[in-house]
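pasting the sequence and the predicted coordinates here, then a few questions.
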Amino acid sequence: MIRTQVAIIGAGPAGLAAAVELAQEQVDVLLIDEQEKPGGQLVKQIHKFFGSHKHYAGIRGIEIADQLFSEAKALGVKILANTAAYGLFGNRQIGIHKPHTYELGIVEADRIILATGASENPLWFPGWTLPGVMGAGAFQTMINVHRVLPGKKVVIVGSGNVGLIVAFQALQAGADVLMICEALPWVGGYEVHAAKVQRQGVPICLRTTIERALGQEGVEKIVLIRLDEHGKPIPGSAREIEADTVCISVGLSPLAELAWMAGCQFCYIDAMGGWIPVHDAWMKTTAENIWVAGDVAGIEEASTAIEEGRLAALGVALSLGVMREETAIDRRKEVTERLTELRMGPFGETRRIAKDPLCSL
Amino acid sequence: MKLMVSKKTRKFEIIIECPEEIPCNPCEEACPRGAISVGVPITNLPVLDSAKCSGCGLCIPACPGQAIFIFEEREDGETIVGLPYEMLPSLEKGNQVMLLDRNGVDVGTGEVVKAVSPPTYSRTALVQVRCSPTVARDVRAVKKVLK
Amino acid sequence: MRIMDHPVLGPMTPRREVEFFFEGRKMKGMEGEPIAAALMAMGIRVLRRSKWYGQPRGIFCAIGLCTDCMVVVDRVPNVRSCATPLREGMDIRMQLTSDGMRTLR
C-alpha cells in the first residue's frame, strides 16, 4: 500500500501543472502515469504553442513537458511511471497495475485528481481494420516519439487542428501527404494551420470523406466520395487513389472511466467531446475527494489543461486546509483569467459557454 | 494585413496573414521595436506600425502559425522574399529552391541569399530568397531543388 | 523506415541495437523502443490476425489503449506491442486467437 496526500492520475499537462501547484504548498503528491515518459500528449507535440507568454506561446509542446516535469521533480513530486490506474475504490484507493512487471498495488490518497486525458475517436468504414489505418495521434506518436514512419502515402480524414497539425508534421517527417479530406463544407481548424500545409501542396478537399480502404495485408488504395449539402454520398462521385496510410482525426473523447467508477455525475456536451464529469469552478466533481482537470473534463487543448490542473490543485489545497480561502480565491482568479483568455474568440466560444455555469454546480 | 514600408535604404513589405481571432501574440512579443500590436484581448488581429518597423524579420520565425512574410526590393533591383522554414533539407546560401504559392503550385525558382536558424528562433529558420519580382508576392513556401 | 534526421527533433540518438525474433525470423531493433516501432522500422505492419476471419491487424491508437496491436512475446499473449519495450532476444509471434493459444512451430 502506497500512501500519499494527493494522488494525480495522469502526468500530462493537467496532471503535471496540478502537481507543481500542490507541491509548492508542501503537499505530498504522487503522480501516476501509464506511459514510460511523462508529459501526456505534449511529448509528441513538436509545434510551437499559440497564446501569450503566460501560456507558453512560441514554445514547443515537447519543451513544455520537460519544463513542467523538471519543476515537479525539483519540488519533490513522486511519479509512478509505467503504471496504470485501473480502478477507484471508496474514492480513496486506487488500484494500480504495472503491465511490464505484472505487479499489482494500491495507492491510498486523501484527495484524487483525475487528469487522464482523452482518446481518439475511430471512424468506421469498410477496411478500417487494415494495417495502415490509424488515429492521426497514433501517426504522430510513431513519427515524433518513436521516430518511425508508418507509411509514405498518407491521407488524413478530418480537418480539425489535429488533422492539420499532423499533416504538417507528416511532411516534416518525410511522408507524402496526398490530401486532407473533410466531410463538412469548411475547414475545422485554424486558417493558419491549413495555410501551412496547403502551401506545401497538400489539398484540403471539402465535402469529401473516405468510403473504404482496400488492400490485402494493409492499405493499398482508398476510395473517396463526395457529399452533398445534406451530407449524403453523391452517387458516381467515388474515386480511388493509391495510399498506404489513413490517419483518422475526427475528434477525441474523454477517458473518464475512473470518474464513472467513482460515481461522478456526468453531463453530455457535444462540443466538449460528449460525456464529461460535472465539475465546479474548482474542478471538483460531484463525488467525494475527486477532482478533474484537462481533456477528461472536456476536450480542449494543452494550454487550457495546464490552467485547469492549477485550478484543481487550488481546490484540493483549499479542501485540505493547507491554503487560506482568501489566497485560494485570489490565485483562482489569476488562473481563471488566463483560462478565459484562451477561450476567447470564435474557436473558444462554445467551450467558454460550456465551461460556464452550464456544467457547474 | 500588408504594409509597404520605405526606409532610407530599404523598401519592403510585411505581410501578416493572420485572419482569425485566435488567442495569440508572440509576434507582438518578438518585435524589438514594438511595431506589432495585438493588445488585449489577445485575440485581436496584429496591427503593424510602419513608422516603427525596421524590417528585421524577427516576427517571422516567432509566429507559431508561420504566417508572416517579408518582401523586399533592394537598391540593385533584386527582389527578396523572407519566410519561415521548418523542413529538411536545411537551406543555405546559394541553394536553388522551387517557389511555391499558397496552394503549393510551383511559380518559379529562386536562390537562397541567407538562411539563419539561431537558437532563439527555436528551430524555425528564417530564409531569404532572391526571386523574380513578378512572382515574389505569391511565394509562401520554398523547396530545395534536388539535383 | 526510421526518421534519422528531422527539422525540429534533430538527428536521432541511436540506442543499443538488439537482436530479436519475429515469427522465427531474426531481426534487429533498438533496445527499449516499442515492439511495434521496431517491427515498423523493419517494414512490418501486420502484427496479428483476427480470430474468425484471419484478417491482418496492425497498430491503431499507438498509445496502449485499443489493443489492436497485440502480439505473443516469449509465449505470453495479449502483449500490446505499441506499449511494450523491446528487449534483446525476445521471441515475438503474431497473435492468431483471442486467448493467444497456439502451437509454436
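Sure thing, it's come through.

name the residue of chain C that lies nearest to chain A.
Nearest residue of chain C to chain A, counting by CB to the nearest CB: C:Gly58, 2.9 Å away. C-betas here are computed from N, CA, C, even on glycine.

who's in contact with the residue lying closest to that residue once chain neighbours are set aside?
With sequence-adjacent residues excluded and distances taken as CB to CB, 6 or more residues apart in numbering or on different chains, C:Gly58 is closest to A:Pro131, at 2.9 Å. Neighbouring residues of A:Pro131 by CB atoms under 8 Å, 6 or more residues apart in numbering or on different chains: A:217-219, C:45-47, C:56-59.

for ChimeraX, what selects the buried ones among those residues?
Only the buried entries of those go into this ChimeraX selection, using 16 or more other CB atoms under 10 Å in any protein chain shown:
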select /A:218,219 /C:45,46,47,56,57,58,59
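
just give me the neighbour total for A:Ala167.
Neighbours of A:Ala167 under the rule other CB atoms under 10 Å in any protein chain shown: 31.

now do stretch A:48-63: distance to the chain's middle.
16 Å (CA atoms, centre = their mean, to the nearest Å).

next one: stretch B:120-128
Chain-centre distance of stretch B:120-128: 10 Å, with CA atoms, centre = their mean.

grab the nearest non-local neighbour of residue 68.
Chain wasn't specified; assuming chain A. A:Leu16 (4.0 Å).

chain C, not that one
C:Phe60 (4.1 Å).

could you report the neighbour count for the one you found?
Neighbours of C:Phe60 under the rule other CB under 10 Å: 22.

list the residues that contact it.
C:Phe60 makes contact with A:122, A:133-135, A:138, C:66, C:68-69, according to CB under 8 Å, 6+ apart.

ok, what's across the strand from A:Gly274?
Counting by DSSP bridges, A:Gly274 forms beta bridges with A:Ile269.

isn't it up against A:Tyr268?
Yes. Using CB atoms under 8 Å, A:Gly274 is in contact with A:Tyr268, at 6.3 Å.

quick one, which of the two is more surrounded?
A:Gly274 (19 against 9).

can you pull the pLDDT of the more buried one?
As predicted, A:Gly274 sits at a pLDDT of 95.

for A:Ala175, same thing?
Here, the pLDDT recorded for A:Ala175 equals 98.

could you do C:Pro14 as well?
C:Pro14 is given a pLDDT of 87.

cool, and C:Gly100?
51.

before we move on, what about C:Arg25?
Note for C:Arg25: predicted pLDDT of 97.

OK, contacts around it?
Contacts of C:Arg25 (CB under 8 Å, 6+ apart): none.

ranking helices and strands of chain A by mean pLDDT, which lands last?
Here the helix or strand of chain A ranked lowest by mean pLDDT, DSSP states H and E is helix A:345-355, holding a mean of 91.

same thing with chain C?
Every helix and strand in chain C was compared by mean pLDDT, DSSP H and E; the lowest is strand C:76-80, with a mean of 92.

what lines up beside it in the sheet?
Sheet partners assigned to strand C:76-80 using DSSP bridges are listed as strand C:70-73 (antiparallel).

export the strand it pairs with as PDB, just CAs?
Output of strand C:70-73 as PDB, limited to C-alpha atoms (Å, rounded to 0.1, in the frame of the first residue of the first chain):
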ATOM      1  CA  MET C  70      -1.400  -7.400 -29.600                       C
ATOM      2  CA  VAL C  71       1.400 -10.000 -30.100                       C
ATOM      3  CA  VAL C  72       2.700 -13.000 -28.300                       C
ATOM      4  CA  VAL C  73       6.000 -12.400 -26.600                       C
END
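
quick check, distance from it to the centre of its chain.
Its chain's C-alpha centre and that of strand C:70-73 lie 8 Å apart, by CA atoms, centre = their mean.

contacts only, for B:Val97.
B:91, B:109-112, B:129, B:142-145.

could you rerun that using 10 Å?
B:85, B:91, B:108-112, B:115, B:127, B:129-131, B:139, B:141-145 (CB atoms under 10 Å, 6 or more residues apart in numbering or on different chains).

again with A:Asp270
Contacts of A:Asp270 (CB under 10 Å, 6+ apart): A:251, A:350, A:354.

how about stretch A:104-116: buried residues?
Of the residues in stretch A:104-116, A:107, A:109-116 count as buried by neighbour count, 16+ other CB under 10 Å.

which of the residues you listed fall in helices?
Using DSSP state H, no member of those sits in helices.

tell me where the chain is predicted with low confidence.
Went with chain A since none was named. Scanning chain A for pLDDT under 70 picks out A:357-361.

hmm, I had chain B in mind actually
B:1-9.

with chain C instead?
Judged by pLDDT under 70, the stretches of chain C that qualify are C:98-105.

quick check: nearest residue in space to the residue nearest to the spatial centre of chain B, chain neighbours excluded?
Among the residues of chain B, the one closest to the centroid is B:Phe69, at 2.5 Å (CA atoms, centre = their mean). Of all residues beyond its chain neighbours, the one nearest B:Phe69 is B:Ile15 (4.7 Å), with distances taken as CB to CB, 6+ apart.

so the one you found, which state does it fall into?
The three-state assignment at B:Ile15 reads strand, by DSSP: H, G, I helix; E, B strand; the rest coil.

bridged to it, which residues?
Bridge pairing for B:Ile15 - DSSP bridges - gives B:Lys2, B:Phe69.

residues near it, how many?
Look at B:Ile15: counted by other CB under 10 Å, it has 17 neighbours.

isn't it up against B:Pro46?
No. Contact between B:Ile15 and B:Pro46 fails when scored by CB atoms under 10 Å: they sit 11.2 Å apart.

who are the contact partners of A:Cys247?
Counting by CB under 10 Å, 6+ apart, A:Cys247 makes contact with A:120, A:132-140, A:150-151, A:154-158, A:162-163, A:166-167, A:170, A:175, A:177, A:180.
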